[in-house]
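# Sequence first, predicted model second:
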Amino acid sequence: MRSASVLILTDETDFARLLTACWQAEKHAPGITVLGSDLWKDHEAVPHDLVVVGPLRDGKLSEILRSLEPATALILCAPADSRELNHLRGKYPRLVHVPLREDWTQTLLLVAGESLRRTEALRVARQAESKASRNEQYATLGRYMTDMKHSVNNALTSMIGNAELLLLEPGQLSKQSLAQIKTIHSMALRINEIMQRFSSLASEMKDAENASQAETEEAPAIPSRRR
């Protein structure tokens, strides 16, 4: 798993120092950035995998929370009443409140670990979806090329044939025209070689797919164990 990034937002130095020390004592510690509320405006656009909001000066909590994206993975360790928490959970589905009790550091580290694993899983899933989408686009292009193969081969055959007929009577052509026709003939042969290679690859892929499907169909079923 790649190194995760955690932002600790708090105006209490002891809170940040204790949490950072506990995290750094873990086997796999994330990258940690500590900011006070006064510096938040200069860093709010920097993405982080997890934001931990600790105690802040009066009036700063609402201001900072309003600037966060709803999809932000957020752990709130600042005091908040039940009404305010319900409102925040409605706006931030990934918000978790960790009360500042005696064991708050252990609780926070457990919750943060699960949150970071979820963030990583979502990132991997998005990458897989993006890759699958690109592969589908390539597959569509491949199917189109396969469907057009016959038409392209016919056009190439016509180009090569007509170029060769003209080259049989070079005396009727100017030197420049003769050179141009030779170029057309050469490039048409080159495209033809590419199309032949494409046809060969398409056949190889189809044979491999059929062989794999046959192996799957011929695989013996695993007998169920009777009790």
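Ah, there it is. Numbers count the residues shown, from 1 in each chain.

# Work out for me the element Arg57 sits within.
Arg57 is located outside every helix and strand, with elements delineated by DSSP states H and E.

# Check the burial of Ala80 by counting its neighbours.
Ala80 is flanked by 17 other residues according to other C-beta atoms under 10 Å. From N, CA and C alone the C-beta is placed, and that goes for glycine too.

# again with Val111
Using other C-beta under 10 Å, Val111 has 16 neighbouring residues.

# Identify the residue spatially nearest to it, adjacent ones excluded.
Closest residue to Val111 apart from its sequence neighbours, by C-beta to C-beta, 6 or more residues apart in numbering: Val96 at 5.3 Å.

# I'd like to know the beta-bridge partner residues of that neighbour.
Per DSSP bridges, the residues bridged to Val96 are Ile75.

# Just give me the neighbour total for Lys175.
Residues near Lys175, counting by other C-beta under 10 Å, number 8.

# Please tell me how far it sits from Lys182.
Taking C-beta to C-beta, to the nearest Å as the measure, Lys175 falls 11 Å from Lys182.

# and if you look at Arg83?
Arg83 sits 84 Å away from Lys182 when distances are taken as C-beta to C-beta.

# Which one's more surrounded, those two?
Using other C-beta under 10 Å as the criterion, Arg83 and Lys182 rank with Lys182 on top: 14 against 8.

# Could you report the neighbour count for Ala112?
Neighbours of Ala112 under the rule other C-beta under 10 Å: 23.

# Same check on Thr107?
16.

# how about it, secondary structure?
For Thr107, the assignment made with DSSP: H, G, I helix; E, B strand; the rest coil gives helix.

# Retrieve the pLDDT associated with the residue lying farthest from the centre of the chain.
Most distant residue from the mean C-alpha position of the chain: Gly171, 61.1 Å away (C-alpha atoms, centre = their mean). As predicted, Gly171 sits at a pLDDT of 77.

# and it, that's in a strand?
No. Counting by three-state DSSP, one finds Gly171 to be helix, located in no strand.

# what domains does the record give for this protein?
If you go by automatic domain parsing, the domain ranges for the chain are 5-100, 137-208.

# mind putting the ones you listed in CSV, distance to Gln127 included?
CSV is the format used below for the domains of the chain (distance: least, C-beta to C-beta, whole Å):
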stretch, distance to Gln127
domain 5-100, 15
domain 137-208, 16
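
# thinking Met145 is in contact with Phe198, fair?
Yes. At 6.7 Å, Met145 counts as touching Phe198 under the criterion of C-beta atoms under 8 Å.
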